[in-house]
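> how would this look folded up:
(chains A and B)
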Amino acid sequence: AQKITQTQPGMFVQEKEAVTLDCTYDTSDPSYGLFWYKQPSSGEMIFLIYQGSYDQQNATEGRYSLNFQKARKSANLVISASQLGDSAMYFCAMREIVRSGANSKLTFGKGITLSVRP
Amino acid sequence: GAGVSQSPSNKVTEKGKDVELRCDPISGHTALYWYRQSLGQGLEFLIYFQGNSAPDKSGLPSDRFSAERTGGSVSTLTIQRTQQEDSAVYLCASSAPSYEQYFGPGTRLTVT
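Residues are numbered from 1 along each chain as shown, chains lettered A, B, ... in the order given. Okay, the predicted model is just below:
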């Protein structure tokens, strides 16, 4: 079974500084994908970034980057140059990759609340 | 294009009543998922549809929960004889093969 662990308490960061949100995972699947989603107070889930277990490079999307350490089973999200609009709940999730082109359910962590201070 | 839509956005029902929640996925997305998010918690998988394959129902918490997807598009999640512990936000998502899931705005269900 897959498991995602997000144990940080509420995080605070000063505007324009960088912040790292921790995520560790556990799976016996040889092939898997890792995701980060943002959930603002309005409630929608917004996809941020994806990392495949066989990807050689760490994923980056604008101000978001994923610090993927496969041996340690961690997939931390780094947000650079924090903005007030980054204040939200952040969820780490993973899915098994059965075969190319297939889909499967996401397993989510409990989330981390990030507050950006002006 | 249009995103995933869900209706109703809010539903208040009395304990013991049945409810139906609707999800309209993004056009062309073959996969559709239902999740449940209780207050302050992460998302809990409920059920997953992929094309014409048999759905993955492994996350449904009891036989009071069921879902169908008609014509490979719209899906309805039905909760029979609702209980107070069913109160949550029910989120639907859809995806194209091997891509990220796009979520709808959710239906907030309150069972009184």
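
> which ones are touching A:P30?
Contacts for A:P30 (C-beta atoms under 8 Å, 6 or more residues apart in numbering or on different chains) come out as A:S53. Glycine gets a C-beta too; all of them are placed from N, C-alpha and C.

> secondary structure class for it?
Following DSSP: H, G, I helix; E, B strand; the rest coil, A:P30 is assigned to coil.

> Can you give me the pLDDT of residue 30?
Going with chain A. Here, the pLDDT recorded for A:P30 equals 84.

> meant chain B actually
At B:T30, pLDDT is 89.

> what residues are up against it?
A:103, B:50-51, B:72, B:96-97 are the contacts of B:T30 under C-beta under 8 Å, 6+ apart.

> cool, and B:P55?
B:47-49, B:67, B:69.

> tell me which of these is nearest to chain A?
B:Y48 (5.1 Å; C-beta to the nearest C-beta).

> and the closest one, what element?
Here B:Y48 is covered by strand B:43-50, with elements defined by DSSP states H and E.

> can you pull the contacts of the one residue sitting closest to the centre of chain A?
Most central in chain A under C-alpha atoms, centre = their mean is A:W36, positioned 3.1 Å from the mean C-alpha point. Neighbouring residues of A:W36 by C-beta under 8 Å, 6+ apart: A:21, A:23, A:48-49, A:64, A:66, A:75, A:77, A:90-93.

> Going by distance to B:G16, which of the residues you listed wins?
Proximity of the contacts of A:W36 to B:G16 (C-beta to C-beta) peaks at A:F91, which lies at 32.6 Å.

> can you pull up the bridge partners for that closest one?
For A:F91, the beta-bridge assignment (DSSP bridges) gives partners A:Y37.

> repeat for B:Y35
B:F45, B:L91.

> which stretches of chain B form strands?
B:5-7, B:10-13, B:19-24, B:31-37, B:43-50, B:65-69, B:75-79, B:88-95, B:102-103, B:107-111 (DSSP state E).

> Same question for chain A.
Along chain A, the stretches classed as strands by DSSP E are A:3-5, A:11-14, A:19-21, A:24-26, A:32-39, A:46-52, A:60-61, A:64-69, A:74-79, A:88-96, A:107-108, A:112-117.

> How about the residues of chain A by chain B?
A:4, A:35, A:37, A:43-45, A:47, A:50, A:91, A:93, A:97, A:100-111 (C-beta under 8 Å from any C-beta of the partner chain).

> thinking again about what came up before, quick check, pLDDT for the residue nearest to the centre of chain A.
At A:W36, the model reports a pLDDT of 97.

> Skip the chain neighbours and tell me the closest residue to the spatially most central residue of chain B.
Per C-alpha atoms, centre = their mean, the C-alpha nearest to the average position across chain B is that of B:W34, at 3.5 Å. Distances taken as C-beta to C-beta, 6 or more residues apart in numbering or on different chains put B:L46 closest to B:W34, at 4.2 Å, once the chain neighbours are dropped.

> Quick check, the one you found in contact with B:C23.
No: taking contacts as C-beta atoms under 8 Å, B:L46 lies outside contact range of B:C23: 11.3 Å.
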